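Asker: Everything below, folded, please.
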Amino acid sequence: MPPRSLLTPLPLPRSIHPSLKGVASALALLSLAACGGGKPITSGSIATRVPIETAFVDMPPGGPGVVGVIERHYANATAQEIILTNRSHTAGQNAVNVTLFGPVKVVTGVENLQSNPALSLSAVGAEMREALPGVPMRVSPYYAQNRYGSFGYASGNSAQGDTCLYAWQRVRGPDLDSNFTIGQGTISIRLRLCEPRSSEAELLAVMTGMTISSYILAANWNPYGGAPPIPPTIGQLGATVVPEAAVAVPAAPEPAPVRAAPVRRAPRPAPVAEAPAAPPAAETVNRFEDYAPVPPPQP
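Answerer: Residues are numbered from 1 along each chain as shown. Presented below is the predicted three-dimensional model:
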C-alpha cells in the first residue's frame with residue numbers, strides 16, 4: 001500500500017457526530033500550520049529602499065526635492081543614494097551620494113568593505129565621466145566652502161542645453177591621538193545635478209545649502225573635529241556683536257523719477273510770405289513832370 005500523503009486528511013471515525021466534523025477539520029489545519037513554522041522572505045541584495053525621511057542630508061529651502069532613497073550596507077559604512085527631482089533632458093539622474101564611515105551596525109559579511117580613499121582628481125574624474133557621460137565638464141579653479149569644509153566642483157553645459165554640476169567633498173576631522181580611538185569617522189559626499197535654464201551659481205547653492213542630518217551613535221565617531229574657539233570679542237568692553245540676519249531683506253528699489261507731462265503747444269501759424277515789392281514802373285514816354293514848363297512859341 002503506497003504511503004499516505006501528509007496533507008491528505010485522515011478519515012474520521014464513523015462514531016463522530018456529523019456536527020463535530022467541521023471542528024475536527026479546523027484543528028487538523030491548525031496543527032499543520034504550527035508544524036510549518038513560516039519565516040518572512042528576505043532579500044539577498046545589500047541595496048534597499050528606505051523612506052525619504054531617513055535621508056542622510058536635507059536639501060536647502062527651495063529644492064530640489066527628494067523622490068527616493070536607496071540605502072546600501074557595508075561592514076564599515078552605510079551609503080545612501082538620494083534621488084532628486086529632475087527636469088533636465090540630459091541622460092542620468094540627479095542624486096546626492098552620501099557615505100558614512102564608522103562603527104555601523106553589522107548586517108553584512110565582514111569581507112564586504114567599502115573603500116575610503118583620499119580625494120584625487122583622477123578618481124573624481126572617473127566618477128564624473130560615469131555620472132555625466134558625454135558632457136564636457138570644467139573643474140573650477142576657485143575655492144569653495146560650505147559649513148562642513150572645503151569642496152571641489154566642476155560645471156558644464158550638455159548638448160541638450162542643460163547646466164550641469166558635479167561636486168565632491170570628504171568630511172574628516174583630524175585625528176586627536178595616535179590610538180585611533182577619538183575623532184574617527186568620515187563622510188563622503190557626491191552631488192550630480194543638471195537643470196535647464198539655471199546658472200552655475202544656482203546649482204552651487206544646493207551644495208552650500210544642504211545639511212547633514214544623520215550620524216553614527218558612537219563615542220569615538222566625530223568627523224567634524226573639535227568645536228571652533230569662542231571669538232575673543234565676546235564679553236569685551238567696547239566690542240559690538242550684532243547677530244546676522246537669517247534672511248537678507250532686499251532694499252526697496254528707489255522710485256523712478258517722475259517726469260512732467262509734456263506740454264502741448266498750440267501750433268504756430270505758418271509765416272505768410274510777403275509779396276515782393278513791385279518793380280518800379282518804367283518811365284512813361286513824353287513824361288514832362290520833371291522839367292520846367294516852357295511856353296509854346298508865339299505866332
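Asker: Quick one: mean pLDDT for stretch 208-221?
Answerer: Taken as a whole, stretch 208-221 has a mean pLDDT of 92.
Asker: Quick check: buried residues in that stretch?
Answerer: With burial defined by 16 or more other C-beta atoms under 10 Å, the residues of stretch 208-221 counted as buried are 210, 212, 216, 221. (C-beta placed from N, C-alpha, C; glycine too.)
Asker: which among these gets closest to E244?
Answerer: M210 (19.9 Å; C-beta to C-beta).
Asker: The closest one - nearest residue in space that isn't next to it in sequence?
Answerer: V57 (5.0 Å; C-beta to C-beta, 6 or more residues apart in numbering).
Asker: quick revisit: out of the buried residues of stretch 208-221, list just those in helices.
Answerer: Among the buried residues of stretch 208-221, no member is found in helices (DSSP state H).
Asker: Give the closest residue to H89 in space, chain neighbours not counted.
Answerer: Nearest to H89 is Q160, by C-beta to C-beta, 6+ apart, at 4.0 Å.
Asker: if I pick that neighbour, what's in contact with it?
Answerer: For Q160, the contact set (C-beta atoms under 8 Å, 6 or more residues apart in numbering) comprises 88-90.
Asker: Same list, those residues, but as CSV with pLDDT and secondary structure please.
Answerer: Formatted as CSV, those follow (pLDDT from 0 to 100; DSSP: H, G, I helix; E, B strand; the rest coil):
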residue, pLDDT, secondary structure
S88, 94, coil
H89, 94, coil
T90, 95, coil
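Asker: List only those of those flagged as buried.
Answerer: So, by 16+ other C-beta under 10 Å, the buried ones in those are 88, 90.
Asker: tell me which element M207 is part of?
Answerer: Assigned by DSSP states H and E, M207 belongs to helix 200-209.
Asker: can you check I83 too?
Answerer: Counting by DSSP H and E, the element that carries I83 is strand 77-84.
Asker: Relative to that strand, what are the paired strands and their orientations?
Answerer: strand 66-73 (antiparallel), strand 95-101 (antiparallel) (DSSP bridges).
Asker: which parts of the helix or strand containing R138 are buried?
Answerer: Element membership for R138, per DSSP H and E: strand 137-139. Residues of strand 137-139 classed as buried by neighbour count (16+ other C-beta under 10 Å): M137.
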